[in-house]
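**Q** sequence first, then the predicted structure, then my questions.
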2 protein chains.
Amino acid sequence: MKDRDSLAKVVGEKIRGRILDGRLKPGERLVEDRLSLELGVSRVPVREALLGLSREGLVRIEPRRGATVTDATPETVAELVEVRTLLEGLNARLAARRHDPAIVAELRDTLRRGNAAAKNGTAEELSRLNAEFHERLAVASRNIVLSEIMRGLRERTSLVFMLNGRARAREDWQEHAGVLAAVIDGDEELAALLAARHVENAATAFAKTHAAAADKAAD
Amino acid sequence: MKDRDSLAKVVGEKIRGRILDGRLKPGERLVEDRLSLELGVSRVPVREALLGLSREGLVRIEPRRGATVTDATPETVAELVEVRTLLEGLNARLAARRHDPAIVAELRDTLRRGNAAAKNGTAEELSRLNAEFHERLAVASRNIVLSEIMRGLRERTSLVFMLNGRARAREDWQEHAGVLAAVIDGDEELAALLAARHVENAATAFAKTHAAAADKAAD
DNA sequence: TTTGCAACAATTGTATACAATGTATCCCGC
DNA sequence: GCGGGATACATTGTATACAATTGTTGCAAA
């Protein structure tokens, strides 16, 4: 069991994890030296990891000024949602066209656990299961190019939507169930529509709570 | 006028250029040491450049076995086309919604030069102008996230479609003109449809000539 | 107090050096 | 002649060292 992956990859995953679970907050500086000390490696793998994350949009690198966790502007969030809505639609359509039994079984499993977590799971658990559902749905389309683009978009949006917290958990999983049902039926149109709406709903929910939070902060 | 960009970026552009114009062919190995000698820099910027290109899908890195120019399988090409078709459609729709006069003027300019080159331009010139048209069209949508995803997809498909050569040049630019006209009219539906078809047409043209070439090679 | 600037500190960018891994070559016994 | 394995070579992965750039602090002059 040798360590088969390059350190850069491992380090990248670690940093990605810290960003996605909020230990590293948007706007925070990512100093190479500090990270390399913390992770016990030299600066080179850290640099390479940051470079990779920047290509995914999770990290922003300004030449000669270092890396920071991406702090998405409202405009960028809107753009992300616009694109992701379309792609989740396409993806669901393709998934419905294939409706591969093995993958459907996996999705059902995730759905079951997701419903359970929506009742009494931690926020972290919900977030993980949500990612799992969308990841498996992405696999179901059998389009690797699409899957990878969507993974990137999801990670970037999840940074933002995470703020929705548990509030929308029940609706989230009801919508997931709807998409899955359409996929199982092979109903491409419905699957596409529901998947696209699912993204839009999450976005508007976020917009509302965020606007409310902003008002509160303005007091 | 200092050199403001990091060497990694410069090196990346150089390698990208060599891939896109065919000096580096799909499947070819990209040995770090050789590239660093050729470009007169150390291996570090080369590594970082290759890493960046691999994130764009232009280069494939196998752990501890080095980098090669991506050699797309027919399946991957189909996936790329599937996604690109949809996104070019969305992009054209958004461009039509905005129809910004300044950008339209730029597009007209590119279109004029493209038409000229379709008559009597080099293949290299045509390729460059084609990229320019699509790049400007991407800007016209005013969705940066979308633009960047599309740039990546375009580069990867152009690696393949380049083989179409001058054969389709006239049709290409007629279709470009159609899309632009719809954008100017603000006709979102038509713009989306024509842009999507443009990609599909290029893909089927490629499939035909490629199949013919394969048959020929099989003799 | 504020402005300008100079020295310094922090940090990134690049090069070189070394370690680990993968690949090819050669030799030997059969 | 032909597998099998040891050895040498090529290449990537990581660490360290140095150069270049940016940001900051202290201090003096207006």
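**A** Yep, it's here.
**Q** counting neighbours, what do you get for A:R98?
**A** Using other CB atoms under 10 Å in any protein chain shown, A:R98 is surrounded by 15 other residues. (Glycine included, C-beta is placed from N, CA and C.)
**Q** SS state for A:I103?
**A** With DSSP: H, G, I helix; E, B strand; the rest coil as the basis, A:I103 sits in helix.
**Q** what's near enough to touch the residue nearest to it when sequence neighbours are not counted?
**A** Of all residues not flanking A:I103 in the chain, A:A140 sits nearest, at 4.6 Å (CB to CB, 6 or more residues apart in numbering or on different chains). By CB atoms under 8 Å, 6 or more residues apart in numbering or on different chains, A:A140 lies in contact with A:N91, A:L94, A:A95, A:R98, A:H99, A:D100, A:I103, A:V104, A:L107, A:V183.
**Q** what about A:A140, distance to A:L129?
**A** Distance of A:A140 to A:L129, computed by CB to CB, to the nearest Å: 16 Å.
**Q** and the closest residue to A:V160 other than its chain neighbours, what pLDDT?
**A** Spatial nearest neighbour of A:V160, chain neighbours left out: A:V77 (5.6 Å); criterion: CB to CB, 6+ apart. A:V77 carries a pLDDT value of 94.
**Q** of all the residues in chain A, which ones are close to DNA strand C?
**A** A:2-3, A:29-34, A:43-44, A:47, A:61, A:63-67 (CB under 7 Å from any atom of the strand).
**Q** swap the cut-off to 6 Å and go again
**A** A:K2, A:V31, A:E32, A:D33, A:P63, A:R64, A:G66, A:A67 (CB under 6 Å from any atom of the strand).
**Q** my read: the fifth one touches B:S6, true?
**A** Yes: between A:P63 and B:S6 a contact is recorded at 5.8 Å, counting by CB atoms under 8 Å.
**Q** ok, the two, which is more surrounded?
**A** B:S6 (15 against 10).
**Q** ok, that one - contacts?
**A** B:S6 touches A:P63, A:R64, B:P45, counting by CB under 8 Å, 6+ apart.
**Q** roughly how far does the first one sit from A:R93?
**A** It refers to A:P63. For A:P63, the distance to A:R93 equals 41 Å [CB to CB].
**Q** which ones among the contacts of B:S6 lie within helices?
**A** Among these, DSSP state H puts B:P45 in helices.
**Q** up against chain B, what does chain A have?
**A** Counting by CB under 8 Å from any CB of the partner chain, chain A comes close to chain B at A:4-6, A:8-9, A:44, A:47-48, A:51-52, A:55-57, A:63-64, A:76, A:79-80, A:82-83, A:86-87, A:90, A:94, A:143-146, A:149, A:153.
**Q** please repeat the previous calculation with a cut-off of 7 Å.
**A** Residues of chain A lying near chain B by CB under 7 Å from any CB of the partner chain: A:4-6, A:48, A:51-52, A:55, A:63, A:76, A:79-80, A:82-83, A:86, A:90, A:143-146, A:149.
**Q** which members of the residues you listed are classed as buried?
**A** Listed as buried from the residues of chain A next to chain B are A:48, A:51-52, A:55, A:76, A:79-80, A:82-83, A:86, A:90, A:143, A:145-146, A:149; burial here means 16 or more other CB atoms under 10 Å in any protein chain shown.
**Q** so how far is A:R113 from A:L180?
**A** Relative to A:R113, and taking CB to CB, A:L180 is found at 13 Å.
**Q** and these two? Which one has more around it.
**A** Higher neighbour count among A:L180 and A:R113: A:L180, with 25 against 17, using other CB under 10 Å.
**Q** just the buried members of the residues of chain A next to DNA strand C?
**A** Here, 16+ other CB under 10 Å leaves A:E32, A:A67 buried among the residues of chain A next to DNA strand C.
**Q** out of the residues of chain A next to DNA strand C, which are close to DNA strand D?
**A** Checking the residues of chain A next to DNA strand C against DNA strand D (CB under 6 Å from any atom of the strand), the matches are A:R64.
**Q** in helices, which of the residues of chain A next to DNA strand C fall?
**A** Filtering these for helices - DSSP H - leaves A:E32, A:D33.
**Q** lowest pLDDT pick from the residues of chain A next to DNA strand C?
**A** Least confident entry in those, by pLDDT: A:K2, with 44.
**Q** isn't A:N115 right up against A:W173?
**A** Yes: at 5.2 Å, A:N115 and A:W173 qualify as touching, with contact defined as CB atoms under 7 Å.
**Q** of these two, who's got more company?
**A** Neighbour totals were compared for A:N115 and A:W173, and A:W173 leads with 24 against 17 (other CB under 10 Å).
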